[in-house]
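> Turn this into a structure:
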Amino acid sequence: MKLTDIALWYVAFINAWAFTMYGIDKYKAKHGLWRIPEAALLLVAAAGGSVGAWCGMQVFHHKTRKPKFSIGVPVIFVVEVVLVVYGFRFIR
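Sure, this is the predicted structure:
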């Protein structure tokens, strides 16, 4: 298995996990249950799951009014794109 294959599997997993976490946290918020810490939600976005986090925010209408998320997750996405583009310069 090539490094690019592993990276693609990782990105798919972390984004699916981020999306799921946002959905679970929204469910818990509506039902008065123990919540997922905001730091954990942002950490999964920063770990490569920013697309899944943003999709979770939009689909579940969760954390969309908090600037920490409405600004933070897109900024994390831009940083991740820059790092990937910069990283591909060394793979060629």
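
> ranges for the helices of the protein?
For the chain, the helices defined by DSSP state H occupy 3-30, 38-44, 50-60, 67-70, 72-91.

> I'd like those as TSV, with mean neighbour count and mean pLDDT appended.
From N, CA and C alone the C-beta is placed, and that goes for glycine too. Shown next, in TSV, are the helices of the chain (neighbours: other C-beta atoms under 10 Å; pLDDT from 0 to 100):
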stretch	mean neighbour count	mean pLDDT
helix 3-30	15	95
helix 38-44	16	98
helix 50-60	21	98
helix 67-70	13	96
helix 72-91	13	90
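
> Now do the same contact list for the residue lying closest to Gly56 once chain neighbours are set aside.
Computed as C-beta to C-beta, 6 or more residues apart in numbering, the closest residue to Gly56 that is not its neighbour in sequence is Tyr22, at 2.8 Å. Going by C-beta atoms under 8 Å, 6 or more residues apart in numbering, Tyr22 touches Leu41, Gly52, Ala53, Gly56, Met57, Val59, Phe60, His62, Lys63.

> again with Met1
Applying C-beta under 8 Å, 6+ apart, no residues qualify as near Met1.

> With Leu8 as the reference, measure out to it.
Distance of Met1 to Leu8, given as C-beta to C-beta, to the nearest Å: 10 Å.
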